[in-house]
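Enquirer: Fold the following for me, if possible:
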Amino acid sequence: RKLRQDYPINDTDSPISPLMYNSVGGSTIHWSAHFPRFHPSDFKVRTLDGVADDWPITYEQMEPFYNLNDHMMGVAGITGDTAYPLKSPRQTLPIPLGKLGNTVANGFEELGWHWWPSDSAILTESYDGRKPCNNCGPCDIGCTRGAKASVDITYWPKAQNKGAVLKTHARVREITVGKDGLVDGVIYYDSDGAVQVQKARIVVMACNGVGTPRLLLNSKSGLFPDGLANRSGLVGKNLMFHPYSMVTGVFDEVLDGFKGPVGCTVMSQEFYESDLSRGFVRGYALQVARSHGPVTTALGGIRAQEIPWGEEHRRLFTERFGRTATICVIGEDLPEVYNQVTLDSNLADGDGIPSPKITYRMSENSLKMMSHARERATEALEASGAREVLVNPLPRSAGWHLMGTARMGIDGNESVVDSFGRCHDLKNLFIIDGSIFVTGAAVNPTSTIQALALYIADYFKSNSRHILD
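Expert: Model (predicted):
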């Protein structure tokens with residue numbers, strides 16, 4: 001998207017392009033609402049597997065906030081998934097699997113692999129004043145019914161009713177530091193491009209794994225010549241995407257996959273935990289996605305099913321429309337210091353603020369992992385009855401998950417924020433987005449980002465009078 005309120009990114013040095021935009025509700029406006037949690041093992045990767053680092057918090061500490069966030073967002077699902085500890089009751093029944101979901105689930109059964117209906121932040125019955133899903137399909141264009149839980153309709157109205165003030169078209173240029181060495185507010189451009197100042201006792205950042213380091217690096221001062229909160233030199237380092245592969249099966253029978261939420265059917269975590277006999281450490285998940293409607297099918301989308309224009313177009317469209325199922329492979333991307341966000345010296349947004357530059361390459365571990373995963377996804381689709389399997393090994397536009405660039409930790413020399421999201425260098429600057437992730441796990445991060453925000457907010461509530469002590 002290239003609206004004025006968005007900003008350009010230099011991603012020429014990355015095979016994956018970040019997908020992001022500025023809006024009230026953030027990425028939840030256009031997300032698929034697939035809503036898994038991290039596993040307990042994801043918080044102690046160093047202890048279990050000798051790679052990356054352990055989080056300074058545990059799944060058990062996060063569990064009450066996962067539960068609270070599920071209540072706030074409204075989750076369709078069913079408890080009992082053996083891949084997790086027992087979760088709190090889901091708010092509504094799971095989204096029906098449909099013919100497509102049942103077909104691929106049968107393939108997993110044939111192979112003896114784990115599978116479970118996806119937890120989805122999409123309602124199947126009325127909840128909290130919102131309507132249930134009508135199974136129209138294309139969730140990524142936005143949900144006019146409010147069945148999909150975007151935070152503009154879940155959290156924001158409740159926050160505003162409590163007195164929060166929302167300022168739109170306010171693009172922050174830098175965070176300012178006072179004479180006492182603490183942050184004291186922000187400088188931003190309003191909708192007319194005029195410079196405004198907002199003073200604050202405490203500043204909280206939630207700009208995602210690219211936007212947060214961009215703003216910190218742009219906020220230079222005599223105390224922080226290399227960027228705000230960057231005495232460790234780690235702001236912008238350890239960028240993690242989730243490498244994706246799209247493995248699409250073409251079936252003889254019509255699966256009606258365009259009926260229902262596109263990203264939410266079933267999920268297999270058979271290969272989630274480490275097994276060194278596979279030739280790599282950590283693991284991946286297999287997320288089954290529905291197929292698209294007629295226009296997106298004809299245009300090809302990002303799935304492995306491009307339909308060329310010309311004489312073959314109509315034949316291939318007829319063979320594939322409603323007859324495909326895609327397994328989206330999501331692999332755990334380990335933190336690597338050479339994967340980073342920096343400031344581009346030649347690119348800026350509409351207000352002249354330097355744009356971020358992405359430098360990223362997949363590690364040998366990730367390459368081996370994704371190769372193994374594509375083979376297993378192909379095997380699963382063939383077991384489900386697919387007559388042909390098409391593979392897109394690494395969609396460039398699948399940079400949906402942005403993590404790790406202001407990591408959490410105990411040691412201020414090895415991390416940017418502490419276990420409550422407070423910057424080691426500045427006791428009144430907090431970060432609550434995916435940039436504080438220590439590891440990326442092999443599931444979508446939104447549920448964990450939101451649970452972390454609640455966890456940090458709870459710390460605020462309990463310590464608000466003493467944060468500046």
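Enquirer: Looking at stretch 352-363 now, give me its mean pLDDT.
Expert: Stretch 352-363 shows a mean pLDDT of 97.
Enquirer: start to end distance for it?
Expert: 34 Å (Cα to Cα, to the nearest Å).
Enquirer: Residues in contact with that stretch: which ones?
Expert: Stretch 352-363 is contacted from outside by 7-11, 13-18, 171, 173, 210-211, 213-214, 218, 239, 241, 243, 333-334, 336, 338-345, 347-349, 370, 394, using Cβ atoms under 8 Å, 6 or more residues apart in numbering. For the C-beta atoms, the positions are set from N, CA and C on the backbone; glycine is no exception.
Enquirer: List the buried residues in that stretch.
Expert: Residues 353-360, 362-363 are the ones in stretch 352-363 that count as buried (16 or more other Cβ atoms under 10 Å).
Enquirer: distance of residue 165 from residue 315?
Expert: Noted for residue 165: a distance of 57 Å to residue 315, by Cβ to Cβ, to the nearest Å.
Enquirer: Counting neighbours, go ahead and name the busier of these two.
Expert: Between residue 165 and residue 315, counting by other Cβ atoms under 10 Å, residue 315 is the more crowded of the two (10 against 6).
Enquirer: any residues touching the host helix or strand of that one, and which ones?
Expert: Assigned by DSSP states H and E, residue 315 belongs to helix 313-320. Helix 313-320 is touched from outside by 250, 291, 294, 297-298, 305, 307-308, with contacts defined as Cβ under 8 Å, 6+ apart.
Enquirer: I'd like the mean pLDDT over that helix, please.
Expert: Mean predicted lDDT for helix 313-320 stands at 90.
Enquirer: do stretch 26-40 as well
Expert: 94.
Enquirer: same thing with stretch 404-412?
Expert: 98.
Enquirer: next one: stretch 77-94
Expert: 96.
Enquirer: Please apply the same query to stretch 275-290.
Expert: 97.
Enquirer: what's the span of that stretch, first residue to last?
Expert: First-to-last residue span, stretch 275-290, Cα to Cα: 29 Å.
Enquirer: and it, how far out from the chain's middle?
Expert: Distance of stretch 275-290 from the chain centroid (Cα atoms, centre = their mean, to the nearest Å) equals 18 Å.
Enquirer: Return the subset of the contacts of stretch 352-363 lying in helices.
Expert: 210-211, 213-214, 218, 370 (DSSP state H).
Enquirer: Neighbour-wise, which one of those leads?
Expert: residue 213 (32 neighbours).
Enquirer: In terms of pLDDT, where does the residue nearest to residue 231 when sequence neighbours are not counted sit?
Expert: Closest residue to residue 231 apart from its sequence neighbours, by Cβ to Cβ, 6 or more residues apart in numbering: residue 425 at 5.2 Å. Note on residue 425: pLDDT of 97.
Enquirer: could you measure residue 425 against residue 407, distance?
Expert: On the measure of Cβ to Cβ, residue 425 and residue 407 end up 14 Å apart.
Enquirer: swap in residue 208?
Expert: Distance, residue 208 to residue 407, by Cβ to Cβ: 14 Å.
Enquirer: ok, now residue 6?
Expert: From residue 6 to residue 407 the distance is 26 Å (Cβ to Cβ).
Enquirer: neighbour count winner among those two?
Expert: The neighbour comparison of residue 6 against residue 407 (other Cβ under 10 Å) goes to residue 407, with 26 against 14.
Enquirer: dump the residue contacts of that one.
Expert: Per Cβ under 8 Å, 6+ apart, neighbours of residue 407: 53, 234, 238, 335, 415-417, 435-438.
Enquirer: 10 Å - rerun?
Expert: 52-53, 55, 232, 234-235, 237-238, 240, 335, 414-417, 431, 435-439 (Cβ atoms under 10 Å, 6 or more residues apart in numbering).
Enquirer: Can I take it that residue 99 is in a strand?
Expert: No. Going by DSSP: H, G, I helix; E, B strand; the rest coil, the assignment for residue 99 is helix, not a strand.
Enquirer: neighbours around residue 381, how many?
Expert: Residue 381 has 28 neighbours, counted by other Cβ under 10 Å.
Enquirer: what does residue 317 give?
Expert: 13.
Enquirer: same check, this time on residue 167
Expert: 10.
Enquirer: repeat for the one 5 residues further on
Expert: The burial count assigned to residue 172 is 20, neighbours taken as other Cβ under 10 Å.
Enquirer: How about the contacts made by it?
Expert: Contacts of residue 172 by Cβ under 10 Å, 6+ apart are 185-189, 196, 198, 203, 205, 207, 211, 215, 218-219, 353.
Enquirer: could I have stretch 144-161 exported to PDB, CA atoms only?
Expert: The C-alpha trace of stretch 144-161 is given here as PDB (Å, rounded to 0.1, in the frame of the first residue of the first chain):
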ATOM      1  CA  THR A 144     -17.300  -5.100   7.500                       C
ATOM      2  CA  ARG A 145     -19.400  -7.300   9.900                       C
ATOM      3  CA  GLY A 146     -17.000  -7.100  12.700                       C
ATOM      4  CA  ALA A 147     -16.800 -10.800  13.100                       C
ATOM      5  CA  LYS A 148     -13.000 -10.700  12.600                       C
ATOM      6  CA  ALA A 149     -11.300  -9.200  15.700                       C
ATOM      7  CA  SER A 150      -9.500  -6.100  14.600                       C
ATOM      8  CA  VAL A 151      -8.400  -4.000  17.500                       C
ATOM      9  CA  ASP A 152     -10.200  -0.900  16.200                       C
ATOM     10  CA  ILE A 153     -13.400  -2.700  17.300                       C
ATOM     11  CA  THR A 154     -12.100  -4.700  20.300                       C
ATOM     12  CA  TYR A 155      -9.600  -2.700  22.300                       C
ATOM     13  CA  TRP A 156     -10.000   0.800  21.000                       C
ATOM     14  CA  PRO A 157     -13.600   1.500  21.900                       C
ATOM     15  CA  LYS A 158     -13.100   0.200  25.400                       C
ATOM     16  CA  ALA A 159      -9.900   2.300  25.800                       C
ATOM     17  CA  GLN A 160     -11.700   5.400  24.600                       C
ATOM     18  CA  ASN A 161     -14.600   4.800  26.900                       C
END
